[in-house]
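J.: everything below, folded, please.
(one chain, ligands or ions: 4)
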Amino acid sequence: MHTLDLVAPTTQELVSAGLQLPVMEAFYTIQGEGRFTGHPAYFIRLGGCDVGCVWCDVKESWEAAKWPVLSIEKIVEDALAFPGRLVVITGGEPLMYNLDPLTRLLKEKGFTTNIETSGAHPFSGNFDWVCFSPKKFKKPHPSIYAQADELKVVIYNKSDFAFAEEHANMVNADCELRLQPEWSKASKLTPEIIDYVKNHPTWKISLQTHKFMDIP
Ligand SMILES: C[S@@+](CC[C@H](N)C(=O)[O-])C[C@H]1O[C@@H](n2cnc3c(N)ncnc32)[C@H](O)[C@@H]1O
Ligand SMILES: Nc1nc2[nH]cc(C(=O)O)c2c(=O)[nH]1
Ligand code: SF4
Ligand SMILES: [Mg+2]
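T.: Ligands and ions are numbered 1, 2, ... in the order given. Okay, here's the model as predicted:
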């Protein structure tokens, strides 16, 4: 005799569907970088990254299994407790996950949705602003180029200027172009970036202003 069991989906299946996601931390702060510098924003930092940047400032995010898996309803409910309605989804590498359900729910609740991504995985989600920060350590997925509203390249050594220009040639013509000094080398690199931007005025400089303010 066969019984037809209704088997509850596993956590892994719910994560694959984007209905539950590993969250390293979520915090209300001031966007420190890029186009929305200075704007109050609620950051959702998803756990897990396979890009491996040597200078990454959140290496503790890399291992997804370390972080609690939360339902998208809980993630959005937590965001609603703060007065701001700008959300930044970051990580880790947020595009490791299907972001369609989370961004759909955030937009239903009235949030503006921004993402910080290396573009190393297929694009998903409904975003008002896509900040694409390509990395030499893992090639971006082709789906990111048409989506990027902002290209933000971290400058760690001189060869990164050429890497930045290569990517500028692949994004849409209206994509905003920014160069951001790698934090630990910022005192040496910032004058070089200032010179570069003055000589290549399609670029702007982006600083990690939250680190100067000593806020998350
Ligand atoms: C920690 S990453 C998380 C999102 C995604 N994995 C990415 O790299 O875009 C957020 C932003 O911080 C930048 N970033 C990370 N470490 C940095 C550092 N040491 N100095 C300057 N920017 C850094 C990244 O390039 C990215 O624009
Ligand atoms: N204040 C603040 N601004 C940020 N902009 C991008 C960040 C990130 O880690 O994705 C970040 C962050 O960690 N804090
Ligand atoms: S892609 Fe982003 S989170 Fe991943 S290692 Fe690089 S900077 Fe860190
Ligand atoms: Mg950060």
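J.: ends of stretch 131-150, what's the gap?
T.: Start and end residues of stretch 131-150 are separated by 5 Å (C-alpha to C-alpha, to the nearest Å).
J.: repeat for stretch 108-127
T.: 13 Å.
J.: report the buried residues of it.
T.: Judged by neighbour count (16 or more other C-beta atoms under 10 Å), stretch 108-127 contains these buried residues: 111-121, 123-125, 127. In short, each C-beta sits where N, CA and C put it, glycine included.
J.: which residues touch the residue nearest the centre of the chain?
T.: The chain has residue 116 as the residue nearest its centroid, 1.8 Å off, counting by C-alpha atoms, centre = their mean. Residues near residue 116 by C-beta atoms under 8 Å, 6 or more residues apart in numbering: 33, 88-91, 94, 131, 133.
J.: tell me if I am right that it is in a helix.
T.: No. Residue 116: not assigned to a helix; according to DSSP: H, G, I helix; E, B strand; the rest coil it is strand.
J.: mind listing the residues bridging to it?
T.: residue 131 (DSSP bridges).
J.: let me know the pLDDT of it.
T.: What the model reports for residue 116 is a pLDDT of 99.
J.: flag every residue of the chain that's near ligand 3.
T.: Within the chain, the residues that sit near ligand 3 (C-beta under 6 Å from any ligand atom) are 49, 51-53, 56, 58, 61, 91-93, 118, 135.
J.: which of the residues you listed sits closest to ligand 2?
T.: Distance to ligand 2, by C-beta to the nearest ligand atom, is smallest for residue 58 among the residues of the chain next to ligand 3, at 6.1 Å.
J.: is it true that that closest one touches residue 92?
T.: Yes. Counting by C-beta atoms under 8 Å, residue 92 is a contact partner of residue 58 at 7.2 Å.
J.: higher neighbour count, those two?
T.: Just comparing residue 58 and residue 92: by other C-beta atoms under 10 Å the higher neighbour count belongs to residue 92, 28 against 15.
J.: where do the helices sit along the protein?
T.: With helices called from DSSP state H, the chain shows them at 11-16, 72-80, 100-108, 159-168, 186-199, 209-213.
J.: most packed of the ones you listed?
T.: The highest mean neighbour count among the helices of the chain, using mean count of other C-beta atoms under 10 Å, belongs to helix 100-108: a mean of 19.
J.: sweet, I'm off.
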